[in-house]
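Give me coordinates for this.
(one chain, ligands or ions: 3)
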Amino acid sequence: MDRDKLFQLLDEFNIETPSWGYADTGTRFGKFFQPAAASTIDEKLADAGAVHQFTACCPSVAVHVLWDFSVGTDARDVAKLAVKHGVRIGAINPNLFQDQVYKFGSVCSPNENARAHAHRHVLDSINLGRAVGSNLLSLWFADGTNYPGQDDIITRKRRMEGALRQWHDAMPGDMTMLVEYKPFEPAFYHTDIADWGMATAFARSAGPNAKVLVDTGHHLPGANIEHIVACLIDEDMLGGFHFNDRKYADDDLTLGSIDPYAVFRIFHEIRNAADIHGRDVSGIAYMIDQSHNLKPKIEAMIQTVTTAQELFAKACLVDRKKLVDAQTRMDIIDAEGCLKEAFATDVRPMLSEWRKRKGVDPDPMKAYRASGYEARVAKERGARKGAQASSYA
Ligand code: RM4
Ligand code: MN
Ligand code: MN
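Residues are numbered from 1 along each chain as shown. Ligands and ions are numbered 1, 2, ... in the order given. Predicted coordinates for the structure are as follows:
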């Protein structure tokens with residue numbers, strides 16, 4: 001592949017970072033605070049701005065409505081804040097799982113109050129999206145049950161269908177609804193949208209602007225995610241990704257830290273669908289969904305997006321002509337060799353070159369470390385945080 005074509009693909013490969021990836025997070029066993037972690041939406045957007053400044057590929061930031069928009073906040077002010085920090089607001093994530101009313105689910109709950117609450121919150125989130133100029137509504141549900149017989153699965157399915165249809169109708173014409181699936185957790189017996197097949201069925205019944213969101217951590221061990229991705233693209237149902245890596249379940253580790261070849265294979269299927277089958281993959285939203293409990297937040301994000309770029313670039317380099325030829329000849333060794341060859345290519349010099357053309361340092365991590373950003377915000381934020389009582393009981 002010639003360099004200009006690769007650089008063009010890299011130009012189009014934008015990755016959205018999540019506001020929650022910059023904040024203090026933990027597990028249910030505890031939360032370890034970092035002095036530099038962001039607390040306010042202003043700080044989160046500033047950190048996202050820093051990531052974009054050093055990588056030139058993260059121009060938008062996903063927000064979680066409940067965590068980022070306190071009551072009384074004018075959404076347009078948040079949009080302006082984003083611009084001030086050199087980014088824009090991306091996917092709007094309603095929160096349908098934290099409120100006490102959601103004990104038995106949100107839209108699938110037998111509790112009518114919970115369903116009404118969820119309905120209002122999503123309509124508010126759609127308006128918020130309008131106000132900040134976002135065209136992505138990203139839905140993840142914690143809905144499910146913990147025990148066999150706890151609730152009627154078909155009734156819950158119909159409640160979900162009804163809600164998604166109503167919300168789809170309430171969205172502006174240029175908004176896309178992303179439907180995320182997850183096999184378990186927090187529900188441990190059944191999850192109302194457990195896998196990509198259910199997400200596809202729900203999205204289809206919601207309407208033409210609803211697509212499936214693949215969170216890489218939301219699969220049972222051994223699932224062939226690239227196969228799911230290829231099918232979704234061919235069905236015109238792939239809306240986007242929540243990237244993260246995992247060893248066991250929804251671990252939210254940094255992308256490519258455990259299995260970079262698996263991420264490469266996902267990108268390979270995307271490029272294959274585009275190059276060999278002429279599928280339009282330009283609308284796929286690449287987003288990160290990680291919580292960096294132990295790694296420094298911004299460094300973890302920079303490491304993630306540069307890894308994503310490397311794996312994407314490698315996938316672009318697969319010699320597809322040779323691959324088709326090997327497949328036609330039924331030569332498995334040669335066919336697999338095409339993938340291995342591309343995966344083994346050191347794309348870092350090419351990425352350095354691309355960064356130079358974009359006017360950023362060829363080594364984003366080194367440049368970020370040299371900037372002193374983290375020490376500066378740690379001092380400012382740490383002093384204030386130290387003065388506050390911890391909210392973690
Ligand atoms: C879920 C899912 C959602 C994310 C929440 C916080 O497991 O991945 O996308 O918003 O976690
Ligand atoms: Mn997710
Ligand atoms: Mn998750």
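
contacts, neighbours, all on C-alpha from now
Noted.

Show me what counts as buried in stretch 278-296.
279, 281, 284-293 (16 or more other C-alpha atoms under 10 Å).

Redo those residues as TSV? Include distance to His242.
Listed next are these as TSV, based on distance: C-alpha to C-alpha, whole Å:
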residue	distance to His242
Arg279	21
Val281	16
Ile284	11
Ala285	9
Tyr286	7
Met287	5
Ile288	5
Asp289	5
Gln290	8
Ser291	12
His292	15
Asn293	17
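
Now flag whichever of those is closest to Met175.
Ala285 (12.7 Å; C-alpha to C-alpha).

That closest one bridge partners, please.
With DSSP bridges applied, Ala285 shows beta-bridge pairing to Gly240.

give the contact list for Asp195.
181-183, 219 (C-alpha atoms under 8 Å, 6 or more residues apart in numbering).

same deal with Leu178?
Contacts of Leu178 (C-alpha under 8 Å, 6+ apart): 136-139, 203, 210-213, 239-240.

Please name the nearest non-neighbouring residue to it.
Ser138 (4.7 Å; C-alpha to C-alpha, 6 or more residues apart in numbering).

Wasn't the one you found part of a helix?
No. Assigned with DSSP: H, G, I helix; E, B strand; the rest coil, Ser138 falls outside any helix and is strand.

thinking Asn209 is in contact with Met175, fair?
Yes. Applying C-alpha atoms under 8 Å as the test, Asn209 and Met175 come out as touching, 7.0 Å apart.

sorry, back to before: between the contacts of Leu178, which is closest to Tyr248?
Leu213 (20.3 Å).

do you know how far the closest one is from Tyr286?
10 Å (C-alpha to C-alpha, to the nearest Å).

Now do the phi/psi pair for the closest residue to Phe243 other than its chain neighbours.
Of all residues not flanking Phe243 in the chain, Ile288 sits nearest, at 4.6 Å (C-alpha to C-alpha, 6+ apart). Main-chain dihedrals, Ile288, degrees, to the nearest 10: phi -100, psi 140.

pLDDT wise, what is Tyr392 at?
Tyr392 carries a pLDDT value of 39.

Provide the secondary structure category for the residue nearest to Pro183 when sequence neighbours are not counted.
The shortest distance from Pro183 to any residue other than its chain neighbours is 4.2 Å, reached at Ala194 (C-alpha to C-alpha, 6+ apart). State at Ala194, reduced to three classes by three-state DSSP: coil.

which residues does Ala194 contact?
With C-alpha under 8 Å, 6+ apart, Ala194 has these contacts: 181-184.

In JSON lines, list those residues along with pLDDT and distance to Thr304.
Output for these, formatted as JSON lines (pLDDT from 0 to 100; distance: C-alpha to C-alpha, whole Å):
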{"residue": "Tyr181", "pLDDT": "98", "distance to Thr304": "22"}
{"residue": "Lys182", "pLDDT": "98", "distance to Thr304": "22"}
{"residue": "Pro183", "pLDDT": "98", "distance to Thr304": "24"}
{"residue": "Phe184", "pLDDT": "97", "distance to Thr304": "25"}
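
where do the strands sit along the stretch 251-393 of the chain?
285-288 (DSSP state E, counting those that start in this stretch).

can you give me the helices for it?
For the stretch 251-393 of the chain, the helices defined by DSSP state H, counting those that start in this stretch occupy 260-275, 297-316, 320-328, 332-344, 348-358, 364-371, 373-387.

for stretch 222-236, the distance to its chain's centre please.
On the basis of C-alpha atoms, centre = their mean, to the nearest Å, stretch 222-236 is displaced by 16 Å from the centre of the chain it belongs to.

which element is Arg156 on?
helix 153-170 (DSSP states H and E).

Just checking: what are the partner strands of whichever helix or strand comes after that helix?
Once the chain leaves helix 153-170, the next helix or strand it forms, by DSSP H and E, is strand 176-180. Here strand 176-180 has these sheet partners by DSSP bridges: strand 136-139 (parallel), strand 210-215 (parallel).

Kindly compare burial across those and name the winner.
strand 210-215 (a mean of 28; mean count of other C-alpha atoms under 10 Å).

I would like the residues contacting it, please.
For strand 210-215, with C-alpha under 8 Å, 6+ apart as the criterion, the contacting residues are 138, 168, 176-182, 196, 199-200, 203-204, 229, 232, 237-244, 289.

Report the angle between it and helix 153-170.
If you take axes from the mean of the first three to the mean of the last three C-alpha atoms, to 10 degrees, strand 210-215 sits at 110 degrees to helix 153-170.

what mean pLDDT does strand 210-215 have?
99.

can you check stretch 259-268 too?
98.

buried set for it?
260, 262-268.

returning to that earlier point: what sits in contact with each of Leu213 and Tyr286?
Contacts common to Leu213 and Tyr286, judged by C-alpha under 8 Å, 6+ apart, are 240-242.

Let me know the closest of the residues you listed to Tyr102.
Among the shared contacts of Leu213 and Tyr286, and counting by C-alpha to C-alpha, the member closest to Tyr102 is His242, at 23.5 Å.

And the residue nearest to the closest one when sequence neighbours are not counted, how close does it get to Pro183?
Of all residues not flanking His242 in the chain, Asp215 sits nearest, at 4.2 Å (C-alpha to C-alpha, 6+ apart). Separation of Asp215 from Pro183 (C-alpha to C-alpha): 11 Å.

Check Gly197 too.
11 Å.

These two: which has the busier surroundings?
Of the pair Gly197 and Pro183, Pro183 is the one with more neighbours under other C-alpha atoms under 10 Å, namely 22 against 14.

isn't the more buried one right next to Thr191, touching?
Yes. Judged on C-alpha under 8 Å, Pro183 makes contact with Thr191 at a distance of 6.1 Å.

ok, which pair from the buried residues of stretch 259-268 is furthest apart?
Among the buried residues of stretch 259-268, Pro260 and His268 lie farthest apart (C-alpha to C-alpha), at 12.2 Å.
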